[in-house]
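# I'll drop the sequence and a predicted model, then ask my questions.
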Amino acid sequence: MKDADAAPVFRTENVCKIYDTGEVKVHALRDVSVSLFEKELAVLLGPSGSGKSTFLNILGGLDHPTTGRVWFRETELTTANDRALTRYRRDHVGFVFQFYNLVPSLTARENVQLVTDVAKTPMPPAEALALVGLEERMDHFPAQLSGGEQQRVAIARAVAKRPDVLLCDEPTGALDSKTGTQVLETLKHINDTFGTSTAVITHNAAIQQMAHRVIRFQDGRVDRIDENATRVSPAEISW
Ligand SMILES: Nc1ncnc2c1ncn2[C@@H]1O[C@H](COP(=O)(O)OP(=O)(O)OP(=O)(O)O)[C@@H](O)[C@H]1O
């Protein structure tokens, strides 16, 4: 997807993040300068503690770098105040986390509706749930759904507000390979259908094959970026 004319959706310049816990300073990110492009699906790979989540949280406006600059399209996030960052998250970003964070007392449809009620131009909850293959399960509660189905509800919730970017932190981390594959197929489907720029963090190296580009983290740095000449769909990846 990185055509010669592809525009960056995110750009970072010398981003450093130091967690100062008093006794020790942890350098979570060291001089990360990288772009993610419009419409691409990027996989962020790297060992535990290499800085992937910190990086994704900064892109999503959930955390601030210690130094360095970050842009979402033309907007600099690093100079935005908390109110502007809240607006940015609400209007532009869909998050998917390892644990689905669904409200147990609400049905799948109602969980999605929590977001569509406050979004600017949402799709109807039923449409979002159909997109992730759960049209038959809309009125079920989370406890009546498998882990993979719950994660797909979480994806429907993230996508229903028609975000520009989808940031996914270990979306298959709690799932077996079969349900994990369904979740990854869902993310690919959304990227293919809407061109939603998508970043997926994983520990699982096999998953990199579904990406347009693979960004490898090591010790808080971007160690290497590879573009996949041929992509493999999640259903054909064995892991
Ligand atoms: N709130 C925090 N306070 C102190 N240190 C932190 C905090 N959050 C993250 N870290 C540290 O920053 C480093 C990078 O963490 P991060 O979670 O970004 O890595 P990761 O690559 O996403 O790891 P994992 O794959 O295990 O989630 C780690 O050493 C971690 O312990």
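Noted; the coordinates are in hand.
# Look at residue 206 and tell me its secondary structure.
helix (DSSP: H, G, I helix; E, B strand; the rest coil).
# Spell out the residue ranges of the strands in the chain.
8-20, 25-32, 35-37, 41-45, 67-72, 75-76, 93-96, 165-169, 197-202, 213-218, 221-227 (DSSP state E).
# Provide a list of residues in contact with residue 135.
By Cβ atoms under 8 Å, 6 or more residues apart in numbering, residue 135 lies in contact with 126, 129. C-beta: built from backbone N, CA, C; applies to glycine.
# wait, isn't residue 146 in contact with residue 179?
Yes: using Cβ atoms under 8 Å, residue 146 is in contact with residue 179, at 6.4 Å.
# what residues are up against the residue lying closest to residue 165 once chain neighbours are set aside?
Nearest residue to residue 165 in three dimensions, chain neighbours excluded: residue 197, at 4.7 Å (Cβ to Cβ, 6 or more residues apart in numbering). Shown in contact with residue 197 (Cβ under 8 Å, 6+ apart): 9, 10, 36, 37, 38, 39, 40, 41, 164, 165, 166, 191.
# For residue 166, see how far away the third one is.
Between residue 36 and residue 166 the distance is 11 Å, computed by Cβ to Cβ, to the nearest Å.
# One more: the first one?
With distances defined as Cβ to Cβ, the gap from residue 9 to residue 166 amounts to 11 Å.
# can you list the residues of this protein near the ligand?
For the chain, the residues in contact with the ligand (Cβ under 6 Å from any ligand atom) are 19, 21, 26, 28, 46, 48-54, 203, 217.
# is the nearest residue to residue 65 once chain neighbours are set aside in a bridge, and if so with what?
Using Cβ to Cβ, 6+ apart and skipping the chain neighbours, the partner closest in space to residue 65 is residue 15 (4.6 Å). Beta-bridge partners recorded for residue 15 (DSSP bridges): residue 32.
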